[in-house]
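A.B. asks: Sequence first, then the predicted structure:
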Amino acid sequence: MIKNTTEEYTILSEKFLEFEGTKDIPARINTNHESVPDVFKSYKYPVSGWPVLINKQMTQELTALSVKIPSLLKQIPSLYFNDDIKKLAEFYFAGDEMMAEFAMLCHKKDLEIGCRLDLTFTEDGFKVLEANIGSSIGGWQIQSFESLIRNNHPELVNKDKVLDYKGRNTLQIYMKFLIEQIIKQLGKQSTINLFMEMGDIEDEAEKEESLGFFDKLFKEELANFGLNGGAYGGDMNELTLTNGNLCLGDKVIHSLIILTMDMNVTPAIFRAFMMDRIYLPDHLGLRMLGDKRNLFILLELAQAGKFSPEENELILKNIPWTSFIENKKVIFKDREHNLPDLLKTDKDKFVIKVARGFQGKDVFIGKFSTEKEWEEALELALQNNAFIAQEFSDSLDFLAPNAENEWTLHKLIWGSFGFGDCYGGVWVRMSEVKTDVGVINSATGAVEAIVFEIAN
């Protein structure tokens, strides 16, 4: 699908031969370039100077997965748990039925929420490794480097000065989606104000710079709707419920997004949400939707034919074998096994990961673990009852430039965005095969790359 004429997989698809031999293009971009927004200068992760190019078929597959998988996840509480609060509490909330009640109150509002799928591209096509739900999902930052990367590659423009490959501005798509959801929730407004909780950013100057960046983009998108408003920050405790409106001083707040891993909100915010006075995508129900054990549940529901034939086929084709880790019998490759014994015997075929982890934390890949490390991971999983085992879906090897600008084999992880029924684009993290340790994540040293799609 993305092979060049030499029959090797490459990040440049059929354009590879046009670039071959080009050595004056930097392997990594200088993120301090004047074209880069100030908030992303000195970006903490390395960014490839070369794009990843994909064809229409890959775009269509990513679109289908990014739009459909989140909508299927939303059906799990009813289809799998029959909306049973006790069962939901035991599974997602450590038995806390009050938390489960509140989560279901939020979930039943049926809001559209952003999602980023992490996928690998294997010999059998794309495989969904996990679904990241909510406003804190990263990866959209890469689009801020588009002009810098594109300017180095005139080959991406044809003789009529038309782009052969285009990028998707994920953040702009998200801003449009956000405004549409606020209007859908609250009705037509002349002014829309957004509150951003950025508690994970400790440096106040960095927080102010980030808020200014979002405010500028939010206002630009508001103007496209003929609306006024802006983005505000601060302490969530400063938000008050006044005459039925959520307010920051004299400003009425219409939406609150939480850019942290902690999704706790104040009583005032929760009441405003329950009264439909704010659009709150990062509500308590995300504790259910973002659980990695849901991939196994989707597989089980698809095997039972609980979705449409097309949806069942999508799940069974694109989600690798997955199971909760507990002492039980499972079917793997059409044979019954005791799960702990299977994981011990065939460790190189599996991954163990925590149900609510992020940035590659608490992920153990059998192929890259010693026997002792694997046994300790399995014991931890059996004790905690909050881990999954997943069949290891190895990325195909793609030719890509390393730090010395030599074209060598790399493994790729794809981060694909879905916002309701809108596909938001994809970005890539890649790691050189010779230094591969299994976990490919920006926080653990992977190189980020922008993705361009064939325009025609």
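C.D. replies: Received, thanks.
A.B. asks: Near residue 325, how many residues? Count them for me, please.
C.D. replies: For residue 325, the count of nearby residues is 27 (other Cβ atoms under 10 Å). The C-beta positions use only the backbone N, C-alpha and C, and glycine is treated the same way.
A.B. asks: Please apply the same query to residue 148.
C.D. replies: As a burial measure, residue 148 scores 19 neighbours (other Cβ under 10 Å).
A.B. asks: Just confirm residue 35 is within a helix.
C.D. replies: No: counting by DSSP: H, G, I helix; E, B strand; the rest coil, residue 35 is not part of a helix but coil.
A.B. asks: pLDDT value on it, please?
C.D. replies: pLDDT, residue 35: 87.
A.B. asks: For burial, what's the neighbour tally of it?
C.D. replies: 12.
A.B. asks: Let me see the contact set for it.
C.D. replies: 147, 148 (Cβ atoms under 8 Å, 6 or more residues apart in numbering).
A.B. asks: Now do it against residue 425, distance only.
C.D. replies: Computed as Cβ to Cβ, to the nearest Å, the residue 35 to residue 425 distance reads 20 Å.
A.B. asks: With residue 210 instead?
C.D. replies: 21 Å.
A.B. asks: So between the two, which is more surrounded?
C.D. replies: Per other Cβ under 10 Å, whichever of residue 210 and residue 425 has more neighbours is residue 425, with 29 against 19.
A.B. asks: Let me see the contact set for the closest residue in space to that one that isn't next to it in sequence.
C.D. replies: Distances taken as Cβ to Cβ, 6 or more residues apart in numbering place residue 168 nearest to residue 425, at 3.1 Å, with adjacent residues excluded. Applying Cβ under 8 Å, 6+ apart, we find residue 168 in contact with 143, 423, 424, 425, 426, 453.
A.B. asks: quick one: the fifth one and residue 451 touch, right?
C.D. replies: It refers to residue 426. Yes: counting by Cβ atoms under 8 Å, residue 451 is a contact partner of residue 426 at 4.9 Å.
A.B. asks: so what sits against both of these two?
C.D. replies: Shared contacts of residue 426 and residue 451, defined by Cβ under 8 Å, 6+ apart, comprise 54, 414.
A.B. asks: Residue 418 should be in a strand, yeah?
C.D. replies: Yes: per three-state DSSP, residue 418 lies within a strand segment.
A.B. asks: Got the phi and psi for the residue nearest to it when sequence neighbours are not counted?
C.D. replies: Nearest residue to residue 418, sequence neighbours excluded (Cβ to Cβ, 6+ apart): residue 66, at 3.4 Å. Backbone torsions of residue 66, given as degrees, to the nearest 10, read phi -70, psi -30.
A.B. asks: Just confirm residue 66 contacts residue 416, I think it does.
C.D. replies: Yes: the pair residue 66 / residue 416 is scored as a contact, 4.6 Å apart, by Cβ under 8 Å.
A.B. asks: which of these two has more neighbours?
C.D. replies: Neighbours per residue (other Cβ under 10 Å) separate residue 66 from residue 416, with residue 416 holding more: 28 against 25.
A.B. asks: Surely the more buried one is in contact with residue 62?
C.D. replies: Yes: at 4.7 Å, residue 416 counts as touching residue 62 under the criterion of Cβ under 8 Å.
A.B. asks: Quick check: neighbours shared by these two?
C.D. replies: Counting by Cβ under 8 Å, 6+ apart, the common neighbours of residue 416 and residue 62 are 119, 423, 426.
A.B. asks: Surely the first one is in a helix?
C.D. replies: Right, residue 119. No: the assignment for residue 119 is strand, going by three-state DSSP, so no helix is present there.
A.B. asks: I figured it was touching residue 129, is that so?
C.D. replies: Yes: counting by Cβ under 8 Å, residue 129 is a contact partner of residue 119 at 6.2 Å.
A.B. asks: where exactly do the strands run in the stretch 201-350 of the chain?
C.D. replies: With strands called from DSSP state E, counting those that start in this stretch, the stretch 201-350 of the chain shows them at 228-232, 240-242, 245-248, 251-252, 255-258, 322-324, 329-332, 335-338, 350-354.
A.B. asks: Work out for me the element residue 68 sits within.
C.D. replies: Per DSSP states H and E: residue 68 is located in helix 56-73.
A.B. asks: same question but for residue 172, I mixed them up
C.D. replies: In this structure, residue 172 is located in helix 170-186 according to DSSP H and E.
A.B. asks: What's the local residue count around the closest residue to residue 408 other than its chain neighbours?
C.D. replies: Closest residue to residue 408 apart from its sequence neighbours, by Cβ to Cβ, 6+ apart: residue 402 at 5.1 Å. By other Cβ under 10 Å, 20 other residues sit near residue 402.
A.B. asks: List the contacts of residue 402.
C.D. replies: 27, 408, 410, 432.
A.B. asks: again with residue 343
C.D. replies: The neighbourhood of residue 343, defined by Cβ under 8 Å, 6+ apart, consists of 325, 350, 352, 366, 374, 378, 389.
A.B. asks: So how do I select the buried members of these in PyMOL?
C.D. replies: Here is the PyMOL command that selects the buried residues among those (16 or more other Cβ atoms under 10 Å):
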select buried, resi 325+350+352+366+374+378+389
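A.B. asks: Return the member of the contacts of residue 343 nearest to residue 43.
C.D. replies: Relative to residue 43, the closest of the contacts of residue 343 is residue 352; by Cβ to Cβ it sits at 31.3 Å.
A.B. asks: So that closest one is in contact with residue 387, correct?
C.D. replies: Yes: taking contacts as Cβ under 8 Å, residue 352 lies within contact range of residue 387: 5.8 Å.
A.B. asks: residues bridging contact with those two, i.e. touching both?
C.D. replies: Common contacts of residue 352 and residue 387, defined by Cβ under 8 Å, 6+ apart, comprise 325, 381.
A.B. asks: quick one: which of the contacts of residue 168 has the most company?
C.D. replies: Highest neighbour count within the contacts of residue 168, by other Cβ under 10 Å: residue 425, with 29 neighbours.
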